[in-house]
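A.B. asks: prediction below, plus the sequence it came from.
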Amino acid sequence: MDTTLRSQLFRVIDVETTGLSPAIDRVVEFGWALVSGDGTVENRNSTLVNPGRPIPADASGVHGILDSDVADAPAFDEALAAFPEFWEEDLPFVFHNAAFDSQFMRSSPRFVASTEILCTMRLAQNLIPQLGSYSLYDLRAKLGIVETLPAHRADADVATTCALLGRLVDRYLDAGHEDSLEGLTNLSKIRRMPFGKHKGQLLSDVPGDYIDWLLGRDIDDELRDALRAVR
């Protein structure tokens, strides 16, 4: 019989965008899946999105989406509304690098930010701390996940994230952690310093004066909250 986490349903999301800033950039592709914690995909889909602004060449160079591809695509909220089956249940959201994708999702009222959010990148960092890179495609290679879809497209990234979630849930349970959504979510938060001279160290081991210095700098909210929690 499946454990609680292996049978838990999650909503996986990936977006491709015109750039890196949620303040000025917009979504050009939205991908989603309903997946259980064992990695079994119940439903998956994606759609191009008209961002209402030109797609810079450097962004197209990453995901391959051009202005001509999205000219007749729906606007963001219209695109999300086309998948009512994805929104009808209040299930946890899963992102790879939630600090990025979730910021773009916040522009839609359909995305309820108070819903539980799990980040597979943070979860991998905490479960497998010896890896050098935690990009989605480095993790795919290191964990032996096979994916034939083109990289850096929403559908492919969602498919890989679903498989990655299943592998990480296995590792989490095999390590003897509590079989609960709360425990898994807590382990998907920042626990190690992501950059700088203390990169890789547990936040609780980072010197207080360095934490104080960082708190006075422009850092993302996720890291700020995690540093305040250990200070």
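C.D. replies: Here it is on my side, so go on.

A.B. asks: report the contact partners of the spatially most central residue of the chain.
C.D. replies: If you average the C-alpha coordinates of the chain and look for the closest C-alpha using Cα atoms, centre = their mean, you land on F95, 2.0 Å from that point. Residues counted as contacts of F95 (Cβ atoms under 8 Å, 6 or more residues apart in numbering) are V12, I13, D14, D101, S102, I117, L118, C119, T120, T161. C-beta coordinates here come from the backbone N, C-alpha and C atoms, glycine included.

A.B. asks: what about these, which are in strands?
C.D. replies: For the contacts of F95, membership in strands holds for V12, I13, D14, I117, L118, C119, with DSSP state E as the criterion.

A.B. asks: so the third one bridges to which residues?
C.D. replies: Which is D14. D14 has the following beta-bridge partners by DSSP bridges: G31.

A.B. asks: contacting residues for it?
C.D. replies: Applying Cβ under 8 Å, 6+ apart, the residues near D14 are F30, G31, W32, F95, H96, D101, A154, D157, V158, T161.

A.B. asks: now do the second one
C.D. replies: Residues touching I13, when contacts are defined by Cβ under 8 Å, 6+ apart, comprise F30, G31, W32, F93, V94, F95, D101, M105, V158.

A.B. asks: which residue ranges make up the domains of the protein?
C.D. replies: Residue ranges of the domains in the chain are recorded as 4-189, 191-231, according to automatic domain parsing.

A.B. asks: which two from the contacts of I13 end up farthest apart in space?
C.D. replies: Farthest-apart pair in the contacts of I13 is F30 and V94; separation 14.5 Å (Cβ to Cβ).

A.B. asks: the helix or strand of the chain with the lowest mean pLDDT packs against which elements?
C.D. replies: Across the helices and strands of the chain, the lowest-confidence element by mean pLDDT, DSSP states H and E is helix 221-230, at a mean of 87. Judged by 3 or more Cβ pairs under 8 Å, 6 or more residues apart in numbering; DSSP states H and E, helix 221-230 is in contact with helix 208-215.
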